[in-house]
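Asks: sharing a model prediction with you, sequence too.
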Amino acid sequence: MSNPDSPQLKKISPESLADLNDELSAMIRAGIPLDEGLRNAAKHLRKNSHHFVEQLALRVQQGATLEDAIDQESKTLPISYISLIKSGLRMGRLPEALQAYTSFSRSRMELRQELGNALLYPAFVLIMAFLLSLFVCFMIFPQLIVVHKMFRLESTPLMSSISALFEFYQSWYLLIPLILCLLFISWKTSRFSFLVAREQNESFIGRLFSTVAYGWIPGYQTLVREMNYSTFAEMSGILLTYDVPLHETLTLAAESTGNTKIIMESHSLSRLLESGTSLKEGIQSCKQFPDFMKLMMMEKTHQSHLPQIMSEIARVYRARVLNRIDWIKRIIPVALLIVIAGGITACYTLIVFIPFVEILKMLGSPTI
């Protein structure tokens with residue numbers, strides 16, 4: 001077992017894993033020995049995967065199978081990736097399984113990059129608005145107060161409220177850059193956990209950063225959940241097509257999602273099936289599976305065609321995922337622009353123009 005303090009225990013980035021998958025797929029199809037191919041691949045793959053690939057090549061050279069070698073380096077890899085390797089080997093279609101994972105990883109990275117690009121303009125507007133608010137708060141408003149006192153104007157409830165707001169802002173304005181820094185750090189540090197179930201983040205800090213970075217995205221948790229259902233159903237359909245027993249199919253398909261709750265429930269269902277419980281009785285107690293999936297699997301006429309049924313379930317959830325991703329891509333930039341630009345305009349109306357108008361009204365009053 002690897003030393004916990006050694007550098008190989010650092011998580012492999014999705015980009016490195018996608019590159020490694022391309023290399024492995026090409027080597028397997030070309031019939032190149034894995035140990036030789038992995039050593040050559042380590043020379044030009046990303047830096048954070050060099051040690052991992054070298055260790056993998058060493059274990060394969062020592063006689064370990066690819067599945068065993070990856071199992072021994074499992075602390076650096078996502079659960080879903082390890083399960084996918086096992087499933088691909090079980091079906092005898094490892095290159096296709098690796099390509100499927102690569103395609104999913106790269107689509108995740110592309111979506112995150114698009115969201116990041118959508119955040120650039122609102123972030124710039126927020127920074128400029130913050131700098132302008134400092135100018136208003138520390139330069140303009142004090143002058144308005146001087147004018148107010150110079151002419152001994154009456155203090156209205158509105159002016160008193162705005163003065164209290166400015167005094168509060170002058171004391172706590174540093175919270176805004178701190179919050180912006182927290183958002184930026186959360187976005188940068190949680191890139192590995194994008195579209196990954198929250199419980200897969202091992203540390204509390206990891207879960208916190210992931211929540212801060214992505215929790216504000218409308219429908220994000222639903223998107224993650226439906227992606228898990230789609231992956232589970234698709235892998236189940238493929239494994240059943242290759243005559244893998246149902247109880248093994250359920251555990252392998254669940255592990256390919258990486259979702260701890262689905263994995264635990266699938267293991268429980270697998271044990272029930274092995275003990276002689278029917279699929280209809282066993283799946284009724286599964287709370288993590290959606291009603292649609294349970295109804296499709298419980299139907300007696302469907303149980304003799306489970307590979308096709310699971311593929312159809314995967315198609316339904318895949319369509320939902322694609323529609324939701326498309327909706328997020330379209331709605332996020334527009335919503336951010338409306339909320340941030342509209343909110344800033346409303347704030348400046350309240351904190352600049354209203355006090356100015358109040359002073360002009362009082363100066364124009366015949367009682368002065």
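Replies: Yes, it's here.
Asks: tell me how far the helix or strand harbouring V125 is from the chain's mean position?
Replies: Using DSSP states H and E, V125 sits within helix 94-135. Taking C-alpha atoms, centre = their mean, to the nearest Å, the mean C-alpha location of helix 94-135 is offset from the chain mean by 11 Å.
Asks: against which helices or strands is it packed?
Replies: Contacts defined by 3 or more C-beta pairs under 8 Å, 6 or more residues apart in numbering; DSSP states H and E place helix 94-135 against helix 14-30, helix 79-91, helix 175-189, helix 306-348. Backbone N, C-alpha and C define where each C-beta goes, glycine included.
Asks: need the ones you listed in CSV with mean neighbour count, can you?
Replies: Output for these, formatted as CSV (neighbours: other C-beta atoms under 10 Å):
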stretch, mean neighbour count
helix 14-30, 18
helix 79-91, 21
helix 175-189, 13
helix 306-348, 15
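Asks: need those helices in JSON lines with distance to M296 and mean pLDDT, can you?
Replies: Converted to JSON lines, those look like this (distance: least, C-beta to C-beta, whole Å; pLDDT from 0 to 100):
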{"stretch": "helix 14-30", "distance to M296": "31", "mean pLDDT": "80"}
{"stretch": "helix 79-91", "distance to M296": "21", "mean pLDDT": "77"}
{"stretch": "helix 175-189", "distance to M296": "38", "mean pLDDT": "90"}
{"stretch": "helix 306-348", "distance to M296": "6", "mean pLDDT": "86"}
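Asks: to L208, which of those helices lies closest?
Replies: For the helices and strands packed on helix 94-135, proximity to L208 was assessed by C-beta to C-beta; helix 175-189 is nearest, at 7.8 Å.
Asks: okay, that closest one in PDB with CA atoms only?
Replies: The C-alpha coordinates for helix 175-189 follow below in PDB (Å, rounded to 0.1, in the frame of the first residue of the first chain):
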ATOM      1  CA  LEU A 175     -16.700  42.100   4.000                       C
ATOM      2  CA  ILE A 176     -17.400  42.600   0.300                       C
ATOM      3  CA  PRO A 177     -13.900  41.900  -1.000                       C
ATOM      4  CA  LEU A 178     -13.600  39.000   1.500                       C
ATOM      5  CA  ILE A 179     -16.800  37.500   0.100                       C
ATOM      6  CA  LEU A 180     -15.600  38.000  -3.400                       C
ATOM      7  CA  CYS A 181     -12.300  36.300  -2.500                       C
ATOM      8  CA  LEU A 182     -14.100  33.400  -0.900                       C
ATOM      9  CA  LEU A 183     -16.200  33.000  -4.100                       C
ATOM     10  CA  PHE A 184     -13.100  33.100  -6.300                       C
ATOM     11  CA  ILE A 185     -11.100  30.600  -4.100                       C
ATOM     12  CA  SER A 186     -14.100  28.300  -3.900                       C
ATOM     13  CA  TRP A 187     -14.500  28.300  -7.700                       C
ATOM     14  CA  LYS A 188     -10.800  27.600  -8.300                       C
ATOM     15  CA  THR A 189     -10.400  24.900  -5.600                       C
END
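Asks: contacting residues around it?
Replies: G116, L119, A123, L126, I127, F130, L208, F209, S210, V212, A213 (C-beta atoms under 8 Å, 6 or more residues apart in numbering).
Asks: same question for stretch 327-334.
Replies: L111, E114, L115, A118, Y121, I217, P218, G219, Y220, L223.
Asks: between the helices and strands packed on helix 94-135, which gets nearest to I162?
Replies: Nearest to I162, of the helices and strands packed on helix 94-135 and by C-beta to C-beta, is helix 306-348 at 11.4 Å.
Asks: following element in sequence after the closest one, please.
Replies: helix 354-363.
Asks: what residues are up against L115?
Replies: Counted by C-beta under 8 Å, 6+ apart, L115 has contacts I217, I328, K329, I332.
Asks: what's the neighbour count on the residue nearest to T257 when sequence neighbours are not counted?
Replies: Closest residue to T257 apart from its sequence neighbours, by C-beta to C-beta, 6 or more residues apart in numbering: N228 at 4.3 Å. Number of residues near N228 (other C-beta atoms under 10 Å) recorded here: 24.
Asks: likewise for V212?
Replies: For V212, the neighbour count with other C-beta under 10 Å is 17.
Asks: OK, contacts around it?
Replies: Residues in contact with V212 (C-beta under 8 Å, 6+ apart) are L182, L183, S186, S190.
Asks: for it, pull up the helix or strand it's in.
Replies: helix 204-214.
Asks: what's the first helix or strand after that helix?
Replies: Taking DSSP H and E, what comes next after helix 204-214 is helix 220-241.
Asks: what about that following helix, average pLDDT?
Replies: The average pLDDT for helix 220-241 rounds to 88.
Asks: got it, and stretch 254-270?
Replies: 88.
Asks: which parts of it are buried?
Replies: Using 16 or more other C-beta atoms under 10 Å as the test for burial, stretch 254-270 gives A254, E255, S256, T257, G258, N259, I262, I263, E265, S266, L269, S270.
Asks: now render these as JSON lines, adding distance to H50 and secondary structure.
Replies: Shown next, in JSON lines, are the buried residues of stretch 254-270 (distance: C-beta to C-beta, whole Å; DSSP: H, G, I helix; E, B strand; the rest coil):
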{"residue": "A254", "distance to H50": "32", "secondary structure": "helix"}
{"residue": "E255", "distance to H50": "27", "secondary structure": "helix"}
{"residue": "S256", "distance to H50": "27", "secondary structure": "coil"}
{"residue": "T257", "distance to H50": "29", "secondary structure": "coil"}
{"residue": "G258", "distance to H50": "24", "secondary structure": "coil"}
{"residue": "N259", "distance to H50": "30", "secondary structure": "coil"}
{"residue": "I262", "distance to H50": "33", "secondary structure": "helix"}
{"residue": "I263", "distance to H50": "30", "secondary structure": "helix"}
{"residue": "E265", "distance to H50": "38", "secondary structure": "helix"}
{"residue": "S266", "distance to H50": "35", "secondary structure": "helix"}
{"residue": "L269", "distance to H50": "40", "secondary structure": "helix"}
{"residue": "S270", "distance to H50": "37", "secondary structure": "helix"}
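Asks: thanks again, I'm all set now.
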